[in-house]
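Undergrad: I would like to see how this sequence folds:
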Amino acid sequence: MAVATLLLPARARLAGPALSGEVARALGRAERERAEPGGEAQLRRHFALPPGTWPVAALTRQLDVGDAGDAVWLRADPAYVVPDMQGARLMAHGDMLAIDAIDLAALLPALQEVFAETGLVLEASDPARWYLRLAPDSVLPEFAAPAQVLGADLFDHLPQGEDARRWRALLTETQVVLHQHPWNRERVARGQPAINSLWFWGGGTLPATVSTAHAQVRSREPLLRALVLAAGIDAEQAPRVDALVDLRQLRAPEQFVGEVMLPLLEALQRGELQQLLLDFEDGVRFRIDRGQRWRFWRRPLSRLDA
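TA: Numbering: from 1, shown residues only. All right, here's what the predicted structure looks like:
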């Protein structure tokens, strides 16, 4: 059966003028369900990993370099932190900072010296994705994903648990080095945000198994591509199979309606598609199929976030 599953941002990001026409009718007649909100929960609905694990660093390291092995990996991504009256806030991280190879060559050596003093090696397989390799028996504290911290008070999300003090001290030391680095003054002079902190997250080892029900996945996002690689499926296969399509980058309501929904609803009407599943990051999901066109008693959905 040809099924299209769309990974979408939270509905609030696509909420615009009132819905109308075929899209409003299809959403009003669709089966609607609620699941756990959040980016991690959204991906977990489509990829099964060993219980209690979400080792983003090991997964993306395997994608980037292919050498994750049995080491413990931790992301140490470049970040931009802004102080305020209460403390500091994480305002940008990773590829949001538009880091290039020149930035990397300027900043990475100074930070590598800091970690070398503690027996750790800091590497950057991509300008936006920096890694720490740890011994296989390493135990890490709890780290928050940057998406959870963005815009929030940094100190509410600092590492917790065993050995947390060590990582807090390392974070402070790297912030001092970056704050004093002349390259950041040049970035600010060019109108770019400073790279004035790191953010530790995504620790763990490469999972023994990753599985998914989808036969093909279409995405440019590194973590999703890493999950596809770990699951051992092709990113592109024959067209008439179950496909997961990553559209989380959408922000314009008119693009969602005109460029995404209308063509897919037409494919449903022609019988080229048997089912359409919309999976929003806020946990709301819509299942649409051809048989629902007879549900005349259901009112059209006036707003996507209703």
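Undergrad: in contact with the nearest residue to Glu281 once chain neighbours are set aside: list those residues for me.
TA: Spatial nearest neighbour of Glu281, chain neighbours left out: Ala10 (4.5 Å); criterion: C-beta to C-beta, 6 or more residues apart in numbering. Where C-beta positions appear, they are placed from N, C-alpha and C, glycine not excepted. Listed by C-beta atoms under 8 Å, 6 or more residues apart in numbering, the contact partners of Ala10 are 37, 280-282.
Undergrad: between these, which is closest to Asp103?
TA: Glu281 (29.7 Å; C-beta to C-beta).
Undergrad: contact partners for that closest one?
TA: Contacts for Glu281 (C-beta under 8 Å, 6+ apart) come out as 7-10, 37-39, 42, 248.
Undergrad: please, where are all the strands along the protein?
TA: 3-8, 31-34, 72-83, 88-93, 121-126, 129-134, 197-204, 216-218, 243-246, 275-280, 284-289 (DSSP state E).
Undergrad: just send those back as JSON lines, with mean pLDDT and mean neighbour count too.
TA: Listed next are the strands of the chain as JSON lines, based on pLDDT from 0 to 100; neighbours: other C-beta atoms under 10 Å:
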{"stretch": "strand 3-8", "mean pLDDT": "96", "mean neighbour count": "22"}
{"stretch": "strand 31-34", "mean pLDDT": "95", "mean neighbour count": "11"}
{"stretch": "strand 72-83", "mean pLDDT": "96", "mean neighbour count": "23"}
{"stretch": "strand 88-93", "mean pLDDT": "94", "mean neighbour count": "19"}
{"stretch": "strand 121-126", "mean pLDDT": "94", "mean neighbour count": "17"}
{"stretch": "strand 129-134", "mean pLDDT": "96", "mean neighbour count": "22"}
{"stretch": "strand 197-204", "mean pLDDT": "96", "mean neighbour count": "24"}
{"stretch": "strand 216-218", "mean pLDDT": "92", "mean neighbour count": "19"}
{"stretch": "strand 243-246", "mean pLDDT": "95", "mean neighbour count": "20"}
{"stretch": "strand 275-280", "mean pLDDT": "96", "mean neighbour count": "21"}
{"stretch": "strand 284-289", "mean pLDDT": "96", "mean neighbour count": "19"}
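Undergrad: with distance to Gly21 added, can I get the ones you listed in a markdown table?
TA: As requested, the strands of the chain are exported to a markdown table (distance: least, C-beta to C-beta, whole Å):
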| stretch | distance to Gly21 |
| --- | --- |
| strand 3-8 | 19 |
| strand 31-34 | 19 |
| strand 72-83 | 42 |
| strand 88-93 | 38 |
| strand 121-126 | 43 |
| strand 129-134 | 42 |
| strand 197-204 | 42 |
| strand 216-218 | 27 |
| strand 243-246 | 22 |
| strand 275-280 | 16 |
| strand 284-289 | 15 |
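Undergrad: one step back: so which of the contacts of Glu281 sit within helices?
TA: 39, 42 (DSSP state H).
Undergrad: just give me the closest of the contacts of Glu281 to Gln86.
TA: Distance to Gln86 across the contacts of Glu281 (C-beta to C-beta) is lowest for Gly38, with 24.6 Å.
Undergrad: for the nearest residue to Val81 once chain neighbours are set aside, what are its contacts?
TA: Leaving out its chain neighbours, the residue that sits closest to Val81 by C-beta to C-beta, 6+ apart is Ser197, at 4.3 Å. The contact partners of Ser197, by C-beta under 8 Å, 6+ apart, come to 78-81, 90, 171, 174-175, 178.
Undergrad: the helices in the stretch 101-250 of the chain, which residues?
TA: 101-116, 146-149, 164-180, 182-189, 222-231 (DSSP state H, counting those that start in this stretch).
Undergrad: Trp294 is nearest to which of these?
TA: The nearest among the helices of the stretch 101-250 of the chain, by C-beta to C-beta, is helix 222-231 at 35.6 Å.
Undergrad: as CSV, the contacts of Ala10 with distance to Gly52 would be great.
TA: Converted to CSV, the contacts of Ala10 look like this (distance: C-beta to C-beta, whole Å):
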residue, distance to Gly52
Pro37, 20
Phe280, 25
Glu281, 22
Asp282, 24
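Undergrad: surely Ala58 meets Thr205?
TA: Yes. Judged on C-beta atoms under 8 Å, Ala58 makes contact with Thr205 at a distance of 5.5 Å.
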